[in-house]
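Asker: Next one to model:
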Amino acid sequence: EKSQPAAGASGKSFAWINANFTKQPRDYHVLSKLGVLGWHTLRQQIGDALPVQFGGTLEWYVNPQRAEELRRLARQQQGWGYAVELLDDSGFGRLEPKVQPGKVLSAAFSPLEGAVDSGLATRVLLAEAVRAGTTVRTSCEVKAIEILAATGPGNVRVQTSQGAFEAHHVVLAAGVDTARVAALAGVNVPLKSSPGVVVRSKALPPMVRGV
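Answerer: All right, here's what the predicted structure looks like:
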């Protein structure tokens with residue numbers, strides 16, 4: 001880790017756990033669905049210490065064109081085996097009685113989805129990894145990545161501010177730095193930046209169940 005865990009995007013993300021309708025094409029949806037199921041597995045393994053809430057995702061539209069598109073995509077995901085329920089007004093009110101959505105032309109509920117406190121979750125998962133025997137190095141910036149011949153202790157040498165490490169596999173999880181770090185290994189990763197704002201306030205009584 002170049003600085004401290006969750007110092008970048010991991011600690012500042014809204015962290016919506018979803019395989020939502022925008023996850024196109026199908027391969028991207030499947031990858032996202034595996035992520036959703038992975039979070040459910042982690043919650044079963046770790047318990048309440050993992051700061052994740054599975055209240056589902058409720059999405060609705062009042063614009064006729066977008067409403068029809070939501071219905072089409074919901075049926076598509078149902079055909080792909082993903083849990084999605086199309087709702088009428090009464091179903092909407094049952095799920096979120098404190099929300100006044102106006103005239104709803106279409107609504108869909110994805111019950112497996114949720115959200116996570118990404119910074120705290122990162123620290124919890126790293127603590128679990130350390131208990132399982134993982135070594136975590138912080139303030140350890142990657143300077144170069146060398147692809148080696150397939151002999152010796154590893155196939156890749158990573159030069160860092162704390163020395164060189166050889167490995168058979170390297171997993172790159174560098175957030176907005178992914179393209180720059182991947183380029184050190186001669187790999188092009190097309191990355192689309194998606195800026196956002198996360199506001200933290202004092203805890204209030206919950207008003208909605210999900211996303």
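Asker: From now on I want contacts and neighbour counts done on CA atoms only, so please keep to that.
Answerer: Will do.
Asker: Now do the same for stretch 133-142: mean pLDDT, whole number.
Answerer: Averaging pLDDT along stretch 133-142 gives 95.
Asker: make that stretch 98-116, sorry
Answerer: 94.
Asker: who's in contact with it?
Answerer: 14-19, 36, 51-64, 67-68, 70-71, 74, 83-89, 92-93, 207-208, 210-211 (C-alpha atoms under 8 Å, 6 or more residues apart in numbering).
Asker: any idea how far that stretch is from the chain center?
Answerer: Chain-centre distance of stretch 98-116: 19 Å, with C-alpha atoms, centre = their mean, to the nearest Å.
Asker: Now that stretch: buried residues?
Answerer: Neighbour-count burial for stretch 98-116 flags 104-116 (criterion: 16 or more other C-alpha atoms under 10 Å).
Asker: Which is the succeeding secondary structure element to the longest helix anywhere in the chain?
Answerer: In the chain, assigned by DSSP state H, the helix with the most residues is helix 26-46. Remark: after helix 26-46, the chain's next helix or strand is strand 52-53, criterion DSSP states H and E.
Asker: how close does the closest residue to residue 68 other than its chain neighbours sit to residue 117?
Answerer: Excluding its sequence neighbours, the residue lying closest to residue 68 (C-alpha to C-alpha, 6 or more residues apart in numbering) is residue 106, at 7.3 Å. The gap separating residue 106 from residue 117 is 29 Å, by C-alpha to C-alpha, to the nearest Å.
Asker: Same question for residue 60.
Answerer: From residue 60 to residue 117 the distance is 24 Å (C-alpha to C-alpha).
Asker: Next: residue 74.
Answerer: For residue 74, the distance to residue 117 - C-alpha to C-alpha - is 27 Å.
Asker: Have a look at those two and say which one is more surrounded.
Answerer: residue 74 (23 against 18; other C-alpha atoms under 10 Å).
Asker: what about the residue nearest to that one when sequence neighbours are not counted, neighbour count?
Answerer: Of all residues not flanking residue 74 in the chain, residue 84 sits nearest, at 6.3 Å (C-alpha to C-alpha, 6+ apart). As a burial measure, residue 84 scores 22 neighbours (other C-alpha under 10 Å).
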